[in-house]
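Chemist: Return a 3D structure for these sequence lines:
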Amino acid sequence: MNEIKNIDELFSDAIGLLKQLIATPSFSKEENETADLLEKFLQQKDIKANRYLNNVWATNKHFDENKKTVLLNSHHDTVKPNNGYTLDPFEPVEKDGKLYGLGSNDAGGALVALISVFVNFYEAEIPFNLLFAGTAEEEISGQNGVEILLNHLPKIDCAIVGEPTLLNMAVAEKGLLVLDCMAHGKAGHAARNEGVNALYIAMKDINWLSTFQFPKISSLLGPVHIAVTSINTPNKTHNIVPAECSFLVDIRVNELYTFDEVISIIKENISSQIQPRSIRLNSSFIKENHPLVLAGKKMGISSYGSPTCSDMALMNFPSLKIGPGDSARSHIADEYIFVNEIKEGIKTYIHLLQNFGTELNHSVNKVE
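Modeler: I've put the predicted structure just below:
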């Protein structure tokens, strides 16, 4: 499996596509124009592009249902630019080896590298199927992105998820559990010793949340992490003891706990009512002896557990998160990616798939 087209040509196409994507606003739920760009890119390569909502996908030319299928997935939606930008977030600017622009690092670099690799292998006779999917709503964990698209795709055996990881292998990632909490008290006049202050109840609960440590610590993902990120009462004046106080909790859960276990422990220890916003984004991991991981290890790629959540959480098959760029640059003002990172990303993905083919063959022979 040595099919590699001209790397410089693949790289040039990738940079050109990324510049078009940067110049086209694609906030979550508003990705129709970047979906158009992905469709057009594939069609110009004589590849049949399929689309469902703002999700674009394609299979390799010699797709065979009897072979294992590898999903190459990344997202084309972005967050909104923050107020710290000094550059136009929608103007792709190359300077000092960097390409600036909203979504360049998260996850445009990985997206264009993966689609280039898909083009590279599209017509090749390879020992597995490739399925490319550029998906929507990742930044808001929306239900009309990869989650809904999976219902329309062929059976998938494993996936490479393109996110900025400095081209290291994220073999696990924490799940995301968000809780809406409400403390209940009793209204009264602030000047008299009346009522029950819901804010004080909330503060007591928040203190517990900020100091409690879940005992089971993952060797890959570390401890469960809790952060209270917002607090509010309905009061608009100073002289009313609040009867209600709401607060928001962000919990990053390792693979040693289920969401139900985490919720149960919290309910036993705080007075406030809690309501999970979602229980969809579970922690995920891929076994160290999976052919994808072994393929990366053969290349000397290091592995780690990721504290951030991605579309891996919505996949019910083994998935490996890896891609050019650095997660520390995601969502920052004047976001950028080094252009050479994209070229290295293309090379890495190609060699990873080549090695995967070898490892897949070895695993089949072991079974037989």
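
Chemist: who's in contact with residue 38?
Modeler: With contacts defined as Cβ atoms under 8 Å, 6 or more residues apart in numbering, the neighbours of residue 38 are 49, 56, 76, 115, 134. Placement of C-beta: from N, CA and C, glycine included.

Chemist: Can you tell me which of the residues you listed are buried?
Modeler: Burial by neighbour count, judged by 16 or more other Cβ atoms under 10 Å, picks out 49, 56, 76, 115, 134 from the contacts of residue 38.

Chemist: any chance you could map the strands in the stretch 201-350 of the chain?
Modeler: 225-232, 240-241, 244-253, 273-278, 284-285, 303-306, 319-321, 336-338 (DSSP state E, counting those that start in this stretch).

Chemist: what's the closest of the ones you listed to residue 189?
Modeler: strand 240-241 (7.1 Å; Cβ to Cβ).

Chemist: what does the average pLDDT come to for the closest one?
Modeler: Averaging pLDDT along strand 240-241 yields 95.

Chemist: Direction included, what does it pair against?
Modeler: Note on strand 240-241: by DSSP bridges, its sheet partners are strand 188-189 (antiparallel).

Chemist: how far is stretch 170-181 from where the chain is centred?
Modeler: Its chain's C-alpha centre and that of stretch 170-181 lie 11 Å apart, by Cα atoms, centre = their mean, to the nearest Å.

Chemist: buried ones in it?
Modeler: Neighbour-count burial for stretch 170-181 [16+ other Cβ under 10 Å]: 170, 171, 172, 173, 174, 175, 176, 177, 178, 179, 181.

Chemist: Now the two most distant members of those residues.
Modeler: Farthest apart among those by Cβ to Cβ are 171 and 181. That separation is 32.5 Å.

Chemist: wait, what's in contact with the spatially most central residue of the chain?
Modeler: With distances taken as Cα atoms, centre = their mean, residue 310 lies nearest the centre of the chain, 2.1 Å away. With contacts defined as Cβ under 8 Å, 6+ apart, the neighbours of residue 310 are 138, 161, 163, 173, 321.

Chemist: Tell me how many other residues crowd the residue nearest to it when sequence neighbours are not counted.
Modeler: Counting by Cβ to Cβ, 6 or more residues apart in numbering, residue 163 is the residue found nearest to residue 310 once chain neighbours are left out, at 5.2 Å. Neighbour count for residue 163, taken as other Cβ atoms under 10 Å: 28.

Chemist: need the contacts of residue 38 in CSV with distance to residue 14 and pLDDT, can you?
Modeler: CSV is the format used below for the contacts of residue 38 (distance: Cβ to Cβ, whole Å; pLDDT from 0 to 100):
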residue, distance to residue 14, pLDDT
49, 17, 98
56, 16, 98
76, 14, 98
115, 7, 98
134, 13, 98
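
Chemist: what pLDDT does residue 362 get?
Modeler: Looking at residue 362, the pLDDT reads 74.

Chemist: What of residue 309?
Modeler: 88.

Chemist: correct me, but it touches residue 141?
Modeler: Yes: using Cβ atoms under 8 Å, residue 309 makes contact with residue 141 at a distance of 7.3 Å.

Chemist: before we move on, back to that, can you list which of the contacts of residue 38 are found in strands?
Modeler: Counting by DSSP state E, those place 56, 134 in strands.

Chemist: Next, the buried residues of the helix or strand bottoming out on mean pLDDT in the chain.
Modeler: When the helices and strands of the chain are scored by mean pLDDT, DSSP states H and E, helix 339-367 comes last with a mean of 87. Residues of helix 339-367 classed as buried by neighbour count (16+ other Cβ under 10 Å): 339, 341-357, 359-360.

Chemist: Please settle this for me: is the residue nearest to residue 310 part of a strand?
Modeler: No: assigned with DSSP: H, G, I helix; E, B strand; the rest coil, residue 163 falls outside any strand and is coil.

Chemist: Surely residue 176 is within a helix?
Modeler: No: checked against three-state DSSP, residue 176 lies outside a helix; its state is strand.

Chemist: contacting residues for it?
Modeler: Per Cβ under 8 Å, 6+ apart, neighbours of residue 176: 141, 250, 251, 252, 253, 278, 281, 309, 313.

Chemist: ok, the residue nearest to residue 310 to residue 124 distance?
Modeler: 25 Å (Cβ to Cβ, to the nearest Å).

Chemist: and if you look at residue 115?
Modeler: To residue 124, residue 115 is 15 Å away according to Cβ to Cβ.

Chemist: Residue 50 now?
Modeler: On the measure of Cβ to Cβ, residue 50 and residue 124 end up 20 Å apart.

Chemist: Ok, residue 137 next?
Modeler: 31 Å.

Chemist: And the two? Which one has more around it.
Modeler: Higher neighbour count among residue 137 and residue 124: residue 137, with 25 against 15, using other Cβ under 10 Å.
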